[in-house]
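S.K.: Coordinates for the following, if possible.
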Amino acid sequence: MTHIHFIAIGGAAMHNLALAVASKDGYKVTGSDDEIFDPALSHLRDAGLLPAEMGWHPERITPDIDAIILGMHAREDNPELVRARELGLKIYSFPEYLYEQTKDKIRIVVGGSHGKTTTTSMILYVLNRLGIEADYMVGAQIEGFERMVRLSDTAKYAVFEGDEYLTSPLDLRSKFLWYHPHVAILTGIAWDHINVFPTFPEYVDTFRRFVHTILPNGSFIYFAGDENLRMLAEELKDAPSGEGTGVGAIIPYDAYDGDVAMQVFGRHNMQNLQAAMLACHCIGVAPDDFYREISTFTGASNRLEMICETETGVAYKDFAHSPSKLRATVNAVRERYPEKRLVAAMELHTFSSLMADFLPQYKDCMAEADVAYVYFNPKVIEHKRLTLITKEEVRNAFGTKNVEVFTESEALQAALRDQITNKSQITNQGIALLMMSSGTFDGVNVKEFAKELLHG
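M.R.: From the prediction side, this is the model:
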């Protein structure tokens, strides 16, 4: 029995990996964390993997443990980690262990500043519909899939969402540098994670390093509309013999514009769809088969997800928080509902989005909305130990007259109620409500709130 212990087991990705490992024959999984919340708490409890008590217990780190998997939530001085290093135990990061488990498989890795979750989900959805078995790691729940990570002894393929964020407290390289893909997708590069990549050239460089991890004779699929990706593709083509990666195919793509009707919408999703088709084609899926199956795909959870529809209104939620994601999502809903009054609300919640130096990246991102509300909580800024920003700074950074900024969740909710329930505003044109955040607007159940607003 192989014993794997997870330090910081409660993370979204970590607990899914723990569930995947525990489901394999011959593995025993234990874990620890100082706090665990739903849905991880319920998932771990149901699987019998929830720690008996919260906290770090170095006395439970014993020589019989075969490997430690270290989550990003754990600090370098974590007592269990310190003990594991004293004992000389094998310590893996999350991406390192994924590679270890799939190093003999054909790996497809989807990277980029935006669209990687949706593109990965599209690939997995089609493979599943066609009966092609694959291991995977994806950052959202997909219809027909039990969890967000799967590892097996039988799948020939592995499909990973490739994140450029840090690997672990002990390894400050990007996660996707571990995966060494046979097929790599990059959807676009738009500056993010300013706390890790303080300049845009440094951010671009981590994608350059990713491209150079593609295995010999592998495929590099990239969005042709991104000038930085075009530059990386040209660098690959121009690399002197013996200095390049040996990539076998460099494949540009643009948005799908065929005749097959799709459930998803927006130009960015048509780009994601085309990238997914090309990746599937690299492993033998015919394009016609791909388009037939993807036509029933309704999207990944929290990615432009319809949550309510009435005769006069429609509401969507989305994970969008970075400038590129925000712009693409707002524009997609505007294109879908040109006649409706578009009321868009977003939360500045991530480290980068709350930094004064990064705010100008949001210029014009919500220009297509009729009403644009931006929310942030000053207490979150204090907790992250960042320099305080003002409502005026945020409004000026977004740069359009339709933007109003809130720092109290109750005030934001009241403003949305006024917009949606004011019958004079929706009598003729109807409402499209769009709620965007990687958080919860400080405790708002977005689905229930939207239903309440639209149903009056």
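S.K.: Okay, helices next: where are they in the stretch 51-200 of the chain?
M.R.: Across the stretch 51-200 of the chain, reading from the start of the chain, the helices by DSSP state H, counting those that start in this stretch fall at 79-87, 94-102, 116-129, 200-211.
S.K.: separation between the closest residue to G218 other than its chain neighbours and K103?
M.R.: Nearest-residue entry for G218: H182, 4.7 Å, with adjacent residues in sequence omitted and distances by C-beta to C-beta, 6 or more residues apart in numbering. All C-beta spots, glycine's among them, are computed from the backbone N, C-alpha and C. Applying C-beta to C-beta, to the nearest Å, the value for H182 to K103 is 12 Å.
S.K.: neighbour count winner among the two?
M.R.: Neighbour comparison, H182 and K103: the larger count goes to H182, with 21 against 11 (by other C-beta atoms under 10 Å).
S.K.: the helices in the stretch 201-350 of the chain, which residues?
M.R.: Listed in chain order, the helices of the stretch 201-350 of the chain (DSSP H, counting those that start in this stretch) span 227-238, 267-282, 287-294, 323-336.
S.K.: next helix or strand past the helix-or-strand element of the chain with minimal mean pLDDT?
M.R.: Across the helices and strands of the chain, the lowest-confidence element by mean pLDDT, DSSP states H and E is helix 423-426, at a mean of 51. In the C-terminal direction, the helix or strand that comes right after helix 423-426 (DSSP states H and E) is strand 431-436.
S.K.: Can you list the strands that that next one pairs with?
M.R.: strand 313-318 (parallel), strand 341-347 (parallel) (DSSP bridges).
S.K.: ranking these by burial, who's on top?
M.R.: strand 341-347 (a mean of 25; mean count of other C-beta atoms under 10 Å).
S.K.: next SSE after it?
M.R.: Toward the C-terminal end, the helix or strand that comes next after strand 341-347 (DSSP H and E) is strand 371-375.
S.K.: contacts for that next one?
M.R.: With contacts defined as C-beta atoms under 8 Å, 6 or more residues apart in numbering, strand 371-375 is touched by 330, 341-348, 366, 394-395, 398, 400, 402-407, 409, 412, 415-416, 419, 441.
S.K.: redo that, cut-off 6 Å
M.R.: 343-347, 366, 394, 402-406, 412, 419, 441 (C-beta atoms under 6 Å, 6 or more residues apart in numbering).
S.K.: can you give me the strands for the stretch 1-150 of the chain?
M.R.: Chain-ordered strands for the stretch 1-150 of the chain, with DSSP state E, counting those that start in this stretch as the definition, fall at 2-7, 27-32, 67-70, 91-93, 106-111, 134-137, 149-150.
S.K.: and of those strands, who's closest to L304?
M.R.: Judged by C-beta to C-beta, the one of the strands of the stretch 1-150 of the chain that comes nearest to L304 is strand 106-111, at 17.1 Å.
S.K.: so what does the closest one touch, helix or strand wise?
M.R.: Other elements packing on strand 106-111 under the criterion 3 or more C-beta pairs under 6 Å, 6 or more residues apart in numbering; DSSP states H and E are helix 116-129, strand 157-161, strand 183-186.
S.K.: Make CSV from those and add distance to M72 to it.
M.R.: Shown next, in CSV, are these (distance: least, C-beta to C-beta, whole Å):
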stretch, distance to M72
helix 116-129, 18
strand 157-161, 15
strand 183-186, 23
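S.K.: Among those, show me which one is buried the most.
M.R.: Mean neighbour counts were compared across the helices and strands packed on strand 106-111 using mean count of other C-beta under 10 Å; the top stretch is strand 183-186, at a mean of 28.
S.K.: Starting from that strand, tell me which strands it pairs with and how they run.
M.R.: Applying DSSP bridges, strand 183-186 is found paired with strand 106-111 (parallel), strand 219-223 (parallel).
S.K.: List of residues touching the longest one?
M.R.: Just to be clear, that refers to strand 106-111. The contact list for strand 106-111 (C-beta under 6 Å, 6+ apart) reads 116, 119-120, 157-162, 176, 179, 181-186, 210, 279.
S.K.: so can I have a markdown table of the strands paired with strand 431-436 showing distance to F297?
M.R.: As requested, those are arranged in a markdown table below (distance: least, C-beta to C-beta, whole Å):
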| stretch | distance to F297 |
| --- | --- |
| strand 313-318 | 16 |
| strand 341-347 | 24 |
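S.K.: Any chance of CSV for these, columns distance to A84 and mean pLDDT?
M.R.: Conversion of the strands paired with strand 431-436 to CSV gives the following (distance: least, C-beta to C-beta, whole Å; pLDDT from 0 to 100):
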stretch, distance to A84, mean pLDDT
strand 313-318, 39, 93
strand 341-347, 37, 95
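S.K.: closest one to L170 among these?
M.R.: Smallest distance to L170 across these (C-beta to C-beta): 31.2 Å, for strand 341-347.
S.K.: Can you check what angle separates the closest one from strand 371-375?
M.R.: 10 degrees (axes from the mean of the first three to the mean of the last three C-alpha atoms, to 10 degrees).
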